[in-house]
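Undergrad: Sequence first, then the predicted structure, then my questions.
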Amino acid sequence: MIPSDMAEPTNASHACFLCTLDTQPCAVKQLEGQIIYAHEFTTQGEITPYITLDLGATYASLRLTHTYRGLVKGLQELGKNLRASKVTMRVYHLPPLMSTTEHKGHTVERYCANDFTLAILEPDTILNITDLNHADYCPRQYLLNRLAASPQSAAAIRGNLVHSSFKELLKEHDRGELMSGHVANGEETPLATLERHFEEALERNAIDLALANTPIEAIRADGAPHLQSLANWFDKQHATLWDMPAQPAGDEDEIEQDHSSENMVRAETFLLAPEIGLRGRLDLLWRQKSRQRLLELKTGTEPHHRYSIRAARTLALHQMRHARQVCICFIPARLAAAATR
């Protein structure tokens, strides 16, 4: 727990990662403590969730936004066991302290969260962003998957093959080719590259397909529209991956140095943020100067991935807090062609 005198204020050397979104910088970067109360109040016909944290030396009463009503209701179901459960919460990006009161011999600091305040339950438990989809489908699924591994489904294998092919396509086109155009001088098209790597991946995963009792022909037919959509997206968007000059006029050596150090395209980027309890692997990271963008490829539909996408945004924002611009593109494979129109 962080006592009140150890609460971290925002400063220039270690700025809050959420301040990049809010026009007003926060007054308190972080608070952490054990939850002792969770309740809701009705004010002027509006239900507002509240959580009280034990910070050690003091209490902190947090008025949260409506986003946290579901969380507060879940905590209320614990009843008298809430305090005994010793549930930890970490809160980022708080506006200035509203007031300080006394309650049963304890000093209570009162805060009112804004739309950019982020509350993390049990932050020391690191979750994979894809696990959030399982919990959305069935709250027990995450626990069951941890206790007993299940065989891969045909859809999961198909998704892995499409991801692998897309990664290899990106690896085959270095920065210079992305800028100048990959179809020049008779080079193969993006679709041909994707299909070639997809076939190679099919051969490597023949045993998994057999165990899943899935014919190779079925996976090939199911993967074809995904490959076509990704090829269309890449064909239209590859030039915009580098839409800023590497460096203005200057010495060639300086340009070459900037070329290698500040401009980058990387596939399968693993991000770990223990401060917010998240980890995950993002499909594509490309960087120009201080601007960084991320691409997430999903072979399902967007509603099914809604929580993992939100987690990916939070994870990326936390890891790239010093970037001037962080943009995340969600490209469902079957909709990739339509997304660029």
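TA: Sure thing, it's come through. Keep in mind it's a predicted model, so treat the numbers as computed, not measured.

Undergrad: going forward, measure contacts between C-alpha atoms and count neighbours the same way
TA: OK.

Undergrad: Which helix or strand contains residue 269?
TA: According to DSSP states H and E, residue 269 maps onto strand 264-273.

Undergrad: quick one, helices of the stretch 151-300 of the chain?
TA: Secondary structure of the stretch 151-300 of the chain (DSSP state H, counting those that start in this stretch): helices at 154-171, 175-180, 190-204, 206-211, 216-237, 252-262.

Undergrad: taking those together, which one is wrapped up most tightly?
TA: Mean neighbours per residue, mean count of other CA atoms under 10 Å, is largest over the helices of the stretch 151-300 of the chain for helix 154-171, with a mean of 19.

Undergrad: for that one, packing partners?
TA: In terms of contacts (3 or more CA pairs under 8 Å, 6 or more residues apart in numbering; DSSP states H and E), helix 154-171 is packed against helix 190-204, helix 206-211, helix 216-237, strand 264-273.

Undergrad: hmm, 10 Å instead?
TA: Secondary-structure packing of helix 154-171 (3 or more CA pairs under 10 Å, 6 or more residues apart in numbering; DSSP states H and E): helix 190-204, helix 206-211, helix 216-237, strand 264-273, strand 278-288, strand 291-298.

Undergrad: and it, what's its mean pLDDT?
TA: Throughout helix 154-171, pLDDT has a mean value of 84.

Undergrad: Numbering from 548 from now on, please.
TA: Yes, from this point I'll number from 548; that puts the last item at helix 701-718.

Undergrad: roughly how far out does that helix sit from the chain middle?
TA: Helix 701-718 sits 19 Å away from the centroid of its parent chain (CA atoms, centre = their mean, to the nearest Å).

Undergrad: could I get it in PDB with only the CA atoms?
TA: This file holds the C-alpha atoms of helix 701-718, laid out as PDB (Å, rounded to 0.1, in the frame of the first residue of the first chain):
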ATOM      1  CA  ALA A 701      -9.700 -25.300 -35.900                       C
ATOM      2  CA  ALA A 702     -10.600 -21.500 -35.600                       C
ATOM      3  CA  ALA A 703      -7.600 -20.900 -33.200                       C
ATOM      4  CA  ILE A 704      -5.200 -22.800 -35.600                       C
ATOM      5  CA  ARG A 705      -6.500 -20.800 -38.500                       C
ATOM      6  CA  GLY A 706      -6.000 -17.500 -36.600                       C
ATOM      7  CA  ASN A 707      -2.400 -18.500 -35.700                       C
ATOM      8  CA  LEU A 708      -1.600 -19.300 -39.400                       C
ATOM      9  CA  VAL A 709      -3.000 -16.000 -40.600                       C
ATOM     10  CA  HIS A 710      -1.000 -14.100 -38.000                       C
ATOM     11  CA  SER A 711       2.100 -16.000 -38.800                       C
ATOM     12  CA  SER A 712       1.700 -15.300 -42.600                       C
ATOM     13  CA  PHE A 713       1.100 -11.600 -41.900                       C
ATOM     14  CA  LYS A 714       4.200 -11.400 -39.700                       C
ATOM     15  CA  GLU A 715       6.300 -13.000 -42.400                       C
ATOM     16  CA  LEU A 716       4.900 -10.500 -45.000                       C
ATOM     17  CA  LEU A 717       6.100  -7.600 -42.900                       C
ATOM     18  CA  LYS A 718       9.500  -9.100 -42.200                       C
END
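
Undergrad: hang on, the earlier thing: in JSON lines, list the helices of the stretch 698-847 of the chain along with distance to residue 691.
TA: Listed next are these as JSON lines, based on distance: least, CA to CA, whole Å:
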{"stretch": "helix 701-718", "distance to residue 691": "17"}
{"stretch": "helix 722-727", "distance to residue 691": "43"}
{"stretch": "helix 737-751", "distance to residue 691": "28"}
{"stretch": "helix 753-758", "distance to residue 691": "21"}
{"stretch": "helix 763-784", "distance to residue 691": "27"}
{"stretch": "helix 799-809", "distance to residue 691": "43"}
